[in-house]
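Chemist: return a 3D structure for these sequence lines:
(3 chains)
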Amino acid sequence: MMPIILFYIFAVILLLSAVMVVISRNSVHAALFLVLAFCNASGLFLIAGAEFLAILLIAIYAGAVMILFLFIVMTMQTNLVQLKEGMQHYLPVGFCIAIVLVVELIIVAINWHIDPNVAEAARQPLLQNMSNTKALGSLIYTNYIFLFQMAGLVLLVAMIGAIVLTLRKRPTNRRQVVARQHMREPNQTLEMRSVELNKGVDDLGGYLRPKETYYGIAQEDSFGPKPGDKMDITEKRQEREQSK
Amino acid sequence: MNWTLAIPEIALSISGLIILLWGAIQKKGNAFFPCAILSIAAFVAVGFLTLTVSNGVGYNGLFINDEFSRYMKILIIIAGFLSIILSIDFNGKNDTNCFEYIALIVFSTVGAMVMVSSNDLMTLYMGLELSSLALYILCAIDRKNVFSAESGVKYFVLGSVASGILLYGISMIYGFSGGMGYSTIHQIIASNHALSAGFAVGLVFVLVGLCFKISAVPFHMWTPDVYQGAPTPVTTFLSTAPKFAAFALFLRLMIGPFGHLSPQWQLLIEVIAILSIIIGSVGAIAQTNIKRMMAYSSISHMGFALVGLAAATPDGVMGTLIYLTTYLFMNVGTFAVIAAMSRKGHVVENINDLAGLGKTDPGIATAMAIFMFSMAGVPPLAGFFGKFLVFKAALGADLYSLTIIGLLASAVGAFFYLRIVKIMFFDKAVEALDQRSLSLSFVTFSMGTLTLVFMLFLSPMIQMGQIAAQSLFH
Amino acid sequence: MQAILGNYLPVLIFGVISLIIACAMLGAALFCAKQKPYAEKNSPYECGFPAFEDARQLFDVRYYLVGILFTIFDLEMVFLFPWALTLSKIGMFGFFSMLAFLVVLTVGFIYEWCKGALEWD
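Modeler: Numbering: from 1, shown residues only, chains lettered A, B, ... in the order given. Down below sits the predicted model:
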């Protein structure tokens, strides 16, 4: 009895949140309703006895995929007015297709007959005395090794695609070259000076730019002006005195 | 478990991984050219492996090797090989010369080969996804070009809808037959002849997914835009390898597991074939962009190739195989000519840009004329034999209306092919095209020669095609 | 099947309690507090002037890259769970099967690293 009540609770919330995904105006709200839908779907999976799929739905969909959704929503300029521009134009066509689909569904549903053995089969666990996850694990890596490795390749291709299509070199790159930073010696970048009493830094020649050797260590273009166009301190000082 | 069956696929994947690694750790210089050479070597090696690998079913019934899969795999490998050769020159000019390009073509080929060898609906889906996913990226790889991005996005969105539909169909078939393996489905259908509604829905959905991949009408909408926007070597690949793979699936599924239902699906295939031929031929007439024209041309070619399947006989399958072979030669050759079309370093794609090519560059114009005549189906050339064999099979299966409509539509199609010949040889010459590179000339002329002398090796081809077709019918 | 559901009963109870607490907090704020909103109160605060343009700034596409790479490795991790549970049963073959899978993704990882996709400048 309990599972049936739970089923209806989950199913109703799932359907309602799915409707909200479609009709909500704010795309971030839509994404959050999608999370709700996924959580309820995972509840349904649990009731059906598919533990692993339930966890997977939460870990992959509600976790990773939703993050991706939100990022995409935020990287895109979604202008609702622009999105709905063709709405009136396409509405009749879409409506006709929807009606055809509904009629088809009804026809199929009428002609549907469910094998009486199905209900019996569903009650049987896949493998005796074995959890869902274990049952999957004992098949995926041995019986279905071919598909498993194909899945690896598909993931690899997705990775390549994401990098090829979005990664680009920026002019403002300030990347660290960790190895070079570790290799450097103090005297390459550091100079000790003793400042006399009652005298400021200005009297020693002003603030100093990094030494020439610094540019050998830093990544190209990563630090201010090039060694060639170093600020001439004496000029600066003259300017300042004139202004006084 | 007989794991050696998939040696060609494993070898090709490993070489793809090596290309990726090698390109990634290359700090200085351009890794594109060495990677391309590496992949060409890999394609040649895998071609030989495919020829030598043994027949049989492996991986718990997921994977099958037979004469049919060998035939189709060789076609796919040749397509991948030729598109890499085309891309060497093209990418040098167009700043898309990243080594990932090569790796993606290699992985897409692996996916296509797995599709051909699938003996289970799950293998089908994984192969299809691997091959499509790499293609979506390849279409959009020319990032600075808006059309390329458009083609990538369009192909991706429509392609994922199509694979969703396919997946839905697969789940229906699984639900109603209780198995994913082709042999299981075959047995279930053979044991009870009545077709349940759910099973029919599943079958139609799978058909829709595959029709999208081969761009058969009414699932052809994406073709012109995607062909136009994608870089030319990618278009070459897109119009050959994945289509061959989807066609192989089509043949294997329809003849194998769904063979007993042939009276039910035959009419469906006939209608799709007729619509593809007509819409492809008529649509091509209005085009001014040559890549869009080739897109419509490929739609009509797919229609012709489906005629052989509509016959549902070994002869018909053999006709389809020969048709696809000739299509490979003509299509890759034509795209090599299109890849050579540039003026002062800018790519030109209008049909009118070919004007006067007969005077400025008679060699390439002659090759192009051969491809066009062959596509139109003019007798001694390759394209004629493909059309002849499929229509002969259709007549053999008493599909008279299909044959008549197909022949009439091919007359319409001849119009736009011959128009290109007319523009090349009889229109006033505009500026000459840029000097083309050696690789393009090689592809153009080798394909031209193959198209020209196809009749010399027609009988061994037919024999191979027959053996391959027989292996489907058991 | 009932046994599985029984295992998850604490999760259900946890969920229900958290739902009740969340509803109670929101509901208390809604019903018990005095609320007299008017236009001035509902307008943007702090800086005192309404936004000049769309307040939502576009995110850099690099977030997307990070997101998709996370998703991919998340999927990889999901494959590890059943493997870890059944390693004793599937033997060396299963072990090397997973190793090959990991090698493929490690190649992808090396590629990522060398391309600098993991660095945020």
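
Chemist: can you give me the helices for the stretch 151-300 of chain B?
Modeler: B:182-191, B:197-213, B:222-229, B:232-238, B:241-255, B:262-285, B:290-311 (DSSP state H, counting those that start in this stretch).

Chemist: by contact count, what packs against the longest helix along chain A?
Modeler: Across chain A, the longest stretch assigned as helix under DSSP state H is helix A:87-111. Applying 3 or more C-beta pairs under 8 Å, 6 or more residues apart in numbering or on different chains; DSSP states H and E, one finds that helix A:87-111 contacts helix B:197-213. Heads up, the C-betas are built off the backbone N, CA and C, glycines and all.

Chemist: and chain A, is the helix it packs on touching that?
Modeler: Yes - Helix B:197-213 is in contact with chain A by C-beta under 8 Å from any C-beta of the partner chain, via B:197-198, B:201.

Chemist: most neighbours among those, which one?
Modeler: B:V201 (20 neighbours; other C-beta atoms under 10 Å in any protein chain shown).

Chemist: nearest residue to that one in space, ignoring adjacent ones along the chain?
Modeler: B:M172 (5.5 Å; C-beta to C-beta, 6 or more residues apart in numbering or on different chains).

Chemist: got the contact list for the one you found?
Modeler: By C-beta atoms under 8 Å, 6 or more residues apart in numbering or on different chains, B:M172 lies in contact with B:198-199, B:201-202, B:205.

Chemist: rewinding a little: among the helices of the stretch 151-300 of chain B, which is nearest C:L9?
Modeler: C:L9 lies closest to helix B:197-213 among the helices of the stretch 151-300 of chain B, at 35.7 Å (C-beta to C-beta).

Chemist: low-confidence stretches in chain A?
Modeler: Along chain A, the model assigns pLDDT under 70 to residues A:77-84, A:112-129, A:169-176, A:188-189, A:201-202, A:204-241, A:243-244.

Chemist: redo that, cut-off 90
Modeler: Scanning chain A for pLDDT under 90 picks out A:1-6, A:22-31, A:45-56, A:59-94, A:97-98, A:100-140, A:142-143, A:164-244.

Chemist: quick one on the thing from earlier: for C:W113, find the nearest of the helices of the stretch 151-300 of chain B.
Modeler: Each of the helices of the stretch 151-300 of chain B has some distance to C:W113 by C-beta to C-beta; the shortest is helix B:232-238, at 27.2 Å.

Chemist: secondary structure class for B:A429?
Modeler: coil (DSSP: H, G, I helix; E, B strand; the rest coil).

Chemist: can you pull the pLDDT of it?
Modeler: In this prediction, B:A429 carries a pLDDT score of 76.

Chemist: quick check, it in contact with B:D361.
Modeler: No - if you go by C-beta atoms under 8 Å, B:A429 and B:D361 don't touch, sitting 10.0 Å apart.

Chemist: neighbour-wise, which of these two wins?
Modeler: B:D361 (20 against 12).

Chemist: the more buried one against B:D434, yeah?
Modeler: No - assessed by C-beta under 8 Å, B:D361 is found out of contact with B:D434, at 10.2 Å.

Chemist: interface residues of chain A facing chain B?
Modeler: Contact residues, chain A versus chain B (C-beta under 8 Å from any C-beta): A:107-108, A:111-112, A:143-147, A:150-151, A:153-154, A:156-158, A:160-161, A:163-165, A:168.

Chemist: contact partners for the closest residue to B:E270 other than its chain neighbours?
Modeler: Of all residues not flanking B:E270 in the chain, B:A310 sits nearest, at 4.7 Å (C-beta to C-beta, 6+ apart). Taking C-beta under 8 Å, 6+ apart as the criterion, B:A310 is in contact with B:266, B:269-270, B:273, B:316, B:394, B:397, B:399, B:402.

Chemist: and for the closest residue to B:G209 other than its chain neighbours, the neighbour number?
Modeler: Using C-beta to C-beta, 6+ apart and skipping residues adjacent in sequence, the residue nearest B:G209 is B:L166, 2.7 Å away. If you count neighbours by other C-beta under 10 Å, B:L166 ends up with 23.

Chemist: now B:L166: how far from chain A?
Modeler: 15 Å (C-beta to the nearest C-beta, to the nearest Å).

Chemist: does that residue touch B:V208 like I think?
Modeler: Yes - B:L166 sits in contact with B:V208 when judged by C-beta under 8 Å, with a separation of 7.3 Å.

Chemist: quick check: which element contains the residue in chain C that chain A sits nearest to?
Modeler: Distances between chain C and chain A by C-beta to the nearest C-beta are smallest at C:P82, namely 3.0 Å. In this assignment (DSSP states H and E), C:P82 forms part of helix C:61-115.

Chemist: so what does that helix touch, helix or strand wise?
Modeler: Counting by 3+ C-beta pairs under 8 Å, 6+ apart, helix C:61-115 packs on helix A:51-56, helix A:66-75, helix A:132-140, helix A:145-166, helix B:7-25.

Chemist: hmm, back to that, looking at the contacts of B:A310, which is nearest B:F473?
Modeler: Nearest member of the contacts of B:A310 to B:F473, counting by C-beta to C-beta, is B:G316, at 10.7 Å.

Chemist: rounded mean pLDDT for the helix or strand hosting the closest one, please.
Modeler: In this structure, B:G316 sits in helix B:314-339 according to DSSP H and E. Mean pLDDT, helix B:314-339: 92.
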